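In: Attaching a predicted model along with its sequence, questions to come.
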Amino acid sequence: MPLDALCLAAVREELAGRVVGMKIDKVQQPERDVIVLTLRGAGEPCRLLLSAGSSDARVHITEHQFENPLSPPMFCMLLRKHLTGARITAVTQPQAERVVVFTLQAPDALGILAEKRLIIELIGRISNIILADSERIIDCIRRIGGDLSDKRSVLPGMLYRAPLPQTGKRDPYEVDELIWRELYPANSEKRSGTTGEATADKWLLSAFTALSPLICRELSWRAYGTTDMRIDEITDGGAALRREFFALMAAVRSLECEPWILIGSESSPFDFSFIRIMQYENSLRQVREESFSEMLDNFCTLTAQRARLRQRASAMLKMVSSAQGRLARKLASQSEEIKKAREREDLRICADLIMANMHLVGRGDSVLIASDYYAEEGATRSIALDSRKNAQQNAAKYYKEYTKAKNAEKYLSEQIRLGEAELEYLGSVLSEIDRAEGERDLNEIRAELEQTGYIKGSRKGKEKKAAATPMRFISSSGLEITAGKSNVQNDTLTLKTALKSDVWLHAQKIHGSHVIISCRGKAPDEVSLREAAAIAAYYSAARAGGKVAVDYTFAGNVKKPPGGRPGMVIYTNYKTIAASPDEELVKNLSVTLQRGIREMLF
């Protein structure tokens, strides 16, 4: 659900207790509408995420790692200029509004401390992150002028004005028993135009600000046991609905809110809330998180990262899928051709029978009916002839077609072998795209497709891009484990970087990362082997399944087949181990994650 004003109040209270008094050490802008502030102070260092996305606007502490662009955007540079070293003095929220204001003490150009405000407006498609002084806007992440909004402009140099309140709605914080009775449809139907056919949740949504559709449905369910209770069917004059409404507001005022995530099918996050949601009964699983930041981080951040990555990879995914489809159709056609070519013996038999019965072929004959001495005794065969040719010429034609079919089988067999290998390669690229974790991974896959001829290289010349590096892990026993993110990385890791005595692992008969255990000439211990197998299972096409068969052998037993595409290898003298794709284990062993934590602490 959107981060409504009531849930945001709980988030703001939690943030105020965590970040007030801390200083901004780093400013990053990994996405067009996302700012990450690294904070340091008396407490534990943390990263504050501010998002102005139209569908995932939010503010919270994050534990996720973000991949930054090579060149920081202009808004990021501006924030670094004004906010590096600034101290957060307050975190406030206008009542019943989806706006959070961070008040800061920041040095100006002369080193004199001045008050600045970082304002995060979480209001749908015009969500914004605004840097302002005590009065005027310095700049904003989304500039809104008269062409985008006829009511409120947000531009550098303008006086900052708060978002306009919703017309026709009441602030739930200011509602008492008297106001409720005036607003309730049974008492105000003629004035408001509300019909008795309206449902209780729709009335709540239209009458009050700060309430999300999910919370309105929940109040209806708690009051009447259904989410679509019609106003004209309510027999208690709305007493139960009134009771649940004021109970909710009392919990919000006393900060008795809890972070809940609703888990849907396939263990995917479905929704979140600041109260326990009862309306779904047993159809959804509910998980209580430790904090609101953890709730938003787990629900929004990972989902948003994956969605943006899928969007950026969509063109590449479509191109590879189209190539895969064309190749599959070509292979089907070649299979039909080779099937016909393997029936060429009939051509040779027809030629032999014509040669044996030349005396029976007359001028202009179009058919020869002759005894077939290749078949059972007494059988005859009808052979089509070209009436313009004599017997010898017709036999030569059949011999020629036979030889052509024989050569075609050899050629088609090779083409089918190459096509199947290419189809396997395209499948591995699709698996790479699915496992890509950042822009650098996608850039490397794109470079690989350029190298293999599926994508044309840029005409603007070679643009220098930061190369993605293989994933690094440290096993519980202290051995280094490395895994490739792409076919090119897999080749480099297996055939160039790894020592012959290192152990190589790969999920059996499915696409996945090449995993190397750096053994330094020693046999790996059982724990490291099982952990490396879990990594190979997790970074494979079978990640969503259960147990995965993982083959392992010495890297010296892995070879590149002649003419093999990137990532394609053959290996011998291997053993197999069963492993589970354990995400938590992979995170705990990841050196990248551990490095991110160390950078925050030191």
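Out: It's in. Numbering: from 1, shown residues only.
In: max-length helix in the protein?
Out: Across the chain, the longest stretch assigned as helix under DSSP state H is helix 391-435.
In: Distance of the residue lying farthest from the centre of the chain relative to residue 390?
Out: Distance from the centre of the chain peaks at residue 359, with 75.6 Å (Cα atoms, centre = their mean). Per Cβ to Cβ, to the nearest Å, residue 359 is found 12 Å from residue 390. No exception for glycine: its C-beta is placed from N, CA and C like everyone else's.
In: what's the answer for residue 47, then?
Out: For residue 47, the distance to residue 390 equals 90 Å [Cβ to Cβ].
In: More neighbours: these two, which one.
Out: Between residue 47 and residue 390, residue 47 has the larger neighbour count (other Cβ atoms under 10 Å), namely 21 against 15.
In: Does the more buried one touch residue 34 like I think?
Out: No - in this structure residue 47 lies outside contact range of residue 34 using Cβ atoms under 8 Å: 11.4 Å.
In: quick one: buried residues of stretch 526-538?
Out: In terms of neighbour count (16 or more other Cβ atoms under 10 Å), stretch 526-538 has its buried residues at 528, 529, 530, 531, 532, 533, 534, 535, 536, 537, 538.
In: The fifth one: helix or strand, and which one exactly?
Out: Put plainly, it is residue 532. helix 526-538 (DSSP states H and E).
In: repeat for residue 550
Out: Using DSSP H and E, residue 550 sits in strand 548-554.
In: For that strand, buried residues please.
Out: Buried residues in strand 548-554, counted by 16+ other Cβ under 10 Å: 548, 550, 551, 552, 553, 554.
In: Look up the residues forming beta bridges with the first one.
Out: Applying DSSP bridges to residue 548 gives these bridge partners: residue 579.
In: The fifth one too?
Out: Counting by DSSP bridges, residue 553 is bridged to residue 504.
In: List of residues touching stretch 32-46?
Out: 18-19, 21-30, 47-53, 61-62, 66, 73, 76, 79, 83, 88, 127, 129, 141-142, 600-601 (Cβ atoms under 8 Å, 6 or more residues apart in numbering).
In: repeat that with 6 Å
Out: 19, 21-29, 47-53, 61, 66, 129, 600 (Cβ atoms under 6 Å, 6 or more residues apart in numbering).
In: got it, and stretch 282-296?
Out: Residues outside stretch 282-296 that contact it (Cβ under 6 Å, 6+ apart) are 10-11, 14, 58, 60-61, 259-264, 270, 272.
In: and if we set it to 8 Å?
Out: Residues outside stretch 282-296 that contact it (Cβ under 8 Å, 6+ apart): 3, 7, 10-11, 14-15, 18, 58, 60-63, 257-264, 270-272, 274, 276-277, 298.
In: Over to stretch 246-256?
Out: Against stretch 246-256 from outside (Cβ under 8 Å, 6+ apart): 6, 9, 10, 13, 172, 173, 175, 215, 219, 257, 274, 275.
In: you'd agree residue 126 is up against residue 144?
Out: Yes - if you go by Cβ under 8 Å, residue 126 and residue 144 touch, sitting 6.0 Å apart.
In: Flag every buried residue along whichever strand or helix holds residue 90.
Out: Using DSSP H and E, residue 90 maps to strand 87-92. Going by neighbour count (16+ other Cβ under 10 Å), the buried part of strand 87-92 is 87, 88, 91.
In: Mind listing the residues bridging to the second one?
Out: Meaning residue 88. On the basis of DSSP bridges, residue 88 is bridged to residue 104.
In: Now do the contacts for it.
Out: 19, 20, 21, 22, 23, 24, 39, 102, 103, 104.
In: chain center to stretch 65-79, what's the gap?
Out: The chain centroid and the centroid of stretch 65-79 are separated by 21 Å under Cα atoms, centre = their mean, to the nearest Å.
In: next one: stretch 474-493
Out: 22 Å.
In: And stretch 575-592, by the same measure?
Out: For stretch 575-592, the distance to the chain centre is 20 Å (Cα atoms, centre = their mean).
In: Run through who's touching that stretch.
Out: 65, 471-476, 481, 508, 529-531, 533-540, 542-553, 593.
In: let's go with 7 Å and repeat that
Out: The contact list for stretch 575-592 (Cβ atoms under 7 Å, 6 or more residues apart in numbering) reads 65, 471-475, 508, 529-531, 533-538, 542-543, 546-552, 593.
In: same check, this time on stretch 21-30
Out: 35-43, 66-68, 72-73, 75-76, 79-80, 83-88.
In: related to what we said a few turns ago, by neighbour count, sort out the buried ones in the contacts of residue 88.
Out: Neighbour counting over the contacts of residue 88 (16+ other Cβ under 10 Å) leaves 19, 20, 22, 23, 24, 39, 102, 103, 104 as the buried ones.
In: For the stretch 101-250 of the chain, which segments count as strands?
Out: Under the criterion DSSP state E, counting those that start in this stretch, the stretch 101-250 of the chain contains strands at 113-121, 128-132, 137-140.
In: Kindly report the domain assignment for this protein.
Out: Split into domains by automatic domain parsing, the chain comes to 5-140, 338-421, 471-601.
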